[in-house]
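J.: Take this sequence and fold it.
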Amino acid sequence: SKLESMKVLRIARVARVLKLIKKNKRLQLIAEVLMKSVSELAMLVIVWAMNITVAGVVFYYLEEGSESNLITSGVDGMWWAIVTMSTVGYGDIYPESFVGKIFATFFIWVSMVFLALPLTIIVSTFNKQYEKKRTLTLKQKGAMTKTVPMMQKNGG
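T.: Modelled structure (predicted):
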């Protein structure tokens, strides 16, 4: 029963955060940006998964005859690709052959570019949304300033 009440409190915290998003226009903008970026980010995840699969299998075949046998299957190669692409770099699997080291270097460069892509997608969408909101606000302010002088002329 104590554990269940703690879960309810956690859910209440999340609800409070969601209420903050409703009240704060800046947080609403960030939520809108993330919602509008979902399709691009989903495509990026699909490409990431394909990249991991191909790179892992290629790495397995390049390191297949190595002395220490760190990589025993394509799944081990995919683990290396995930760890390398996410820049975690545990060091449990590493290239030993010259060709494997060249491939790993190339893959690291590709990974750095790939890690920058989500940020560019989100920033681009943010700029579009921000400009849209800004022009809407300016139009609303412009409409208000145009109506005020009209009221003064008519004696309103």
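
J.: tell me what the longest helix along the chain is packed against?
T.: Ranked by number of residues, the top helix in the chain under DSSP state H is helix 98-153. Helices and strands touching helix 98-153, by 3 or more Cβ pairs under 8 Å, 6 or more residues apart in numbering; DSSP states H and E, are helix 25-36, helix 38-62, helix 74-85. In this view, the C-beta of every residue, glycine as well, is placed from N, C-alpha and C.

J.: Mind doing that once more with 6 Å?
T.: For helix 98-153, the packing partners by 3 or more Cβ pairs under 6 Å, 6 or more residues apart in numbering; DSSP states H and E come out as helix 25-36, helix 38-62.

J.: Can I get the first one in CSV? Just the C-alpha atoms.
T.: Spelled out, it's helix 25-36. C-alpha atoms of helix 25-36 as CSV (Å, rounded to 0.1, in the frame of the first residue of the first chain):
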residue,chain,number,x,y,z
LYS,A,25,3.9,29.7,-23.7
ARG,A,26,7.5,28.9,-24.1
LEU,A,27,7.0,25.3,-23.0
GLN,A,28,4.1,25.1,-25.3
LEU,A,29,6.3,26.2,-28.1
ILE,A,30,8.9,23.5,-27.3
ALA,A,31,6.1,20.9,-27.1
GLU,A,32,4.8,22.0,-30.5
VAL,A,33,8.2,21.8,-32.0
LEU,A,34,8.8,18.3,-30.7
MET,A,35,5.4,17.2,-32.0
LYS,A,36,6.0,18.6,-35.4
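
J.: quick one: the longest helix of the chain to helix 25-36, angle?
T.: Using axes from the mean of the first three to the mean of the last three Cα atoms, to 10 degrees, the inter-axis angle of helix 98-153 relative to helix 25-36 is 130 degrees.
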